[in-house]
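In: I would like the atomic coordinates for the input below:
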Amino acid sequence: DGLTWLGLDWDGDAVSQFERAGRHAEVAHQLLAAGKAYKCFETPEETAARKDAAKANGPEDLSFYRSPWRDTDAADHPDLPFTVRIKAPDGRSFTSRDEIKGEVAWGEPLDDMVLLRADGTPVYMLAVVVDDFEAGVSHVIRGDDHLANMHRQNMIYDAMGWPRPVYAHIPLIHGPDGKKLSKRHGALGVMEYAHMGIPAPAMRNYLARLGWSHGDDELFTDDQAREWFGLDGIGKSPARLDQKKLGHVTAWHIARMEDAELVEALAALPPREGETPLSQAQKDGLTAAMYCLKDRARSLYELRDKGHFVLSERPISADEKAAASITPVSRSILSELTEQLQHVSWHRYA
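Out: The predicted model follows:
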């Protein structure tokens with residue numbers, strides 16, 4: 001729903017990772033047959049005990065990363081349940097290229113990661129690599145909380161002889177206080193912004209600019225974003241969500257949207273308490289008045305509020321403050337003015 005609202009289309013149909021589990025297991029058995037993976041008969045309790053002992057011995061003890069079954073002859077394998085583990089490369093450093101962070105080294109040996117569980121089901125790390133490769137994914141662009149996964153996934157790409165994708169790990173979005181974005185900062189789901197009355201073009205602009213820059217350009221169209229965007233413009237520091245700046249971006253886009261497009265967007269807004277769906281007469285009135293309404297509105301709801309004189313039922317009931325200013329003198333002036341207004345010709349000036 002969020003992608004559809006944002007106008008971000010995708011190629012092909014959605015793929016269920018679970019339904020491709022058989023293919024993922026095939027790849028694990030290919031690595032097993034090629035000697036790049038092995039059967040591990042350790043129980044979870046034995047694995048935990050081995051790692052505890054390795055920790056006590058210090059960082060030089062590689063048994064923390066390697067199962068004792070790694071180089072065992074198949075003839076010595078027991079008839080017991082087993083996991084399939086990849087043979088991690090030897091050495092204490094493993095390097096992967098990231099388009100934002102540059103060359104990233106894993107500062108300790110990679111462990112022999114499990115590919116298939118004892119029940120034969122594949123782990124996520126294997127599944128995502130197989131799916132990405134076979135879907136032709138060329139770039140993996142995601143949050144930098146996945147940075148460690150890059151090394152583990154590259155082990156599988158390398159073992160299968162597949163080219164590594166281009167990785168770009170983007171800093172996470174923080175709240176205005178500089179802390180990791182959470183519920184205390186307000187709306188999180190993208191559809192919440194739709195329900196706040198933010199037009200999709202404004203949200204695309206704001207999200208693109210969040211953590212990425214093109215010189216000093218803050219406000220731009222979709223065409224400009226497509227022309228300008230590059231991974232080299234992504235910053236290394238976390239971006240900060242700023243509702244005030246989002247309002248500024250929204251106002252710029254609303255002012256430039258087509259009048260008819262804005263009226264349809266207003267009609268699609270969920271009605272607030274006491275509101276009814278827009279009638280055709282109200283839509284026509286908004287269309288006629290939009291040229292003088294859409295400047296400086298910071299949300300579609302604010303734009304709708306500015307058009308209250310079109311949407312209000314006639315006769316309009318004055319609130320207490322307005323009623324106090326309607327004195328006998330002002331009533332006399334309005335009566336005289338009304339008669340004059342009924343006989344004038346109206347012209348719209350841009």
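In: Residue ranges in this protein under the pLDDT threshold?
Out: Applying pLDDT under 70 to the chain flags the ranges 186-187, 348-350.
In: what are the ranges of the strands in it?
Out: Remark: strands assigned in the chain by DSSP state E are 37-40, 83-86, 94-98, 102-106, 114-116, 139-143, 166-170, 173-174, 239-240.
In: Show residues contacting the fifth one.
Out: So that's strand 114-116. 25, 28, 31, 37, 40, 83-86, 122-123, 125-126, 156 (Cβ atoms under 8 Å, 6 or more residues apart in numbering). C-betas here are computed from N, CA, C, even on glycine.
In: Identify whichever of the strands of the chain lies nearest to residue 58.
Out: Nearest to residue 58 among those is strand 102-106; the distance by Cβ to Cβ comes to 18.9 Å.
In: Show me which positions of the closest one end up buried.
Out: Under the neighbour-count criterion of 16 or more other Cβ atoms under 10 Å, strand 102-106 has 104, 106 buried.
In: May I see the buried residues of stretch 86-105?
Out: The neighbour-count check on stretch 86-105 (16+ other Cβ under 10 Å) flags 86, 87, 88, 94, 96, 98, 99, 100, 101, 104 as buried.
In: actually stretch 163-183, sorry about that
Out: Neighbour-count burial for stretch 163-183, counted by 16+ other Cβ under 10 Å, picks out 164, 165, 167, 168, 169, 170, 171, 173, 174, 175, 181.
In: Not counting its neighbours along the chain, what's nearest the second one?
Out: I take that to be residue 165. In space, and not counting its chain neighbours, residue 165 is closest to residue 140: 4.9 Å by Cβ to Cβ, 6 or more residues apart in numbering.
In: is it true that that neighbour touches residue 170?
Out: No: with contacts defined as Cβ atoms under 8 Å, residue 140 does not count as touching residue 170, sitting 10.9 Å away.
In: In TSV: the strands of the chain, plus distance to residue 269.
Out: TSV is the format used below for the strands of the chain (distance: least, Cβ to Cβ, whole Å):
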stretch	distance to residue 269
strand 37-40	55
strand 83-86	52
strand 94-98	41
strand 102-106	45
strand 114-116	49
strand 139-143	31
strand 166-170	31
strand 173-174	26
strand 239-240	28
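In: closest to residue 341 out of the ones you listed?
Out: Across the strands of the chain, closest to residue 341 is strand 239-240 (Cβ to Cβ), at 50.4 Å.
In: what's that closest one packed up against?
Out: Secondary-structure packing of strand 239-240 (3 or more Cβ pairs under 8 Å, 6 or more residues apart in numbering; DSSP states H and E): strand 173-174.
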